[in-house]
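In: what follows is a protein structure lacking sequence information:
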């Protein structure tokens, strides 16, 4: 089982991206209908965002990323579809740096 910081960051990046999009949808629905799931989605997204930032900082330290690389990963967390791009980028990095057991 993989336990690297990049793997943890990768695992949380997709749910964080999905929760951000769902929060945006809930915000629109709140203003256009009587449906209000913003408090729940806000909390879910907030927790996932905190995990994302913590894991990004851990990966920065563990992987020895440059400031530019770490900033890119953190900026992707505040873009509505950034989590999807971050996951793809982190998956490629994880495959490059994964230890070979063969």
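Out: Sure thing, it's come through. Here the structure is a predicted model, which is why all the values come from computation and not from measurement.

In: now for the helix or strand bottoming out on mean pLDDT in the chain, which elements pack on it?
Out: The least trusted helix or strand in the chain, going by mean pLDDT, DSSP states H and E, turns out to be helix 82-97, with a mean of 90. If you count contacts as 3 or more Cβ pairs under 8 Å, 6 or more residues apart in numbering; DSSP states H and E, helix 82-97 packs onto helix 5-32, helix 38-63, helix 67-76. Backbone N, C-alpha and C define where each C-beta goes, glycine included.

In: give the buried residues for that helix.
Out: Within helix 82-97, the residues that count as buried by 16 or more other Cβ atoms under 10 Å are 82-84, 86-87, 89-90, 93.

In: and the helices and strands packed on helix 82-97 as a markdown table, adding distance to residue 97 and mean pLDDT?
Out: Output for the helices and strands packed on helix 82-97, formatted as a markdown table (distance: least, Cβ to Cβ, whole Å; pLDDT from 0 to 100):
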| stretch | distance to residue 97 | mean pLDDT |
| --- | --- | --- |
| helix 5-32 | 7 | 94 |
| helix 38-63 | 7 | 95 |
| helix 67-76 | 13 | 95 |
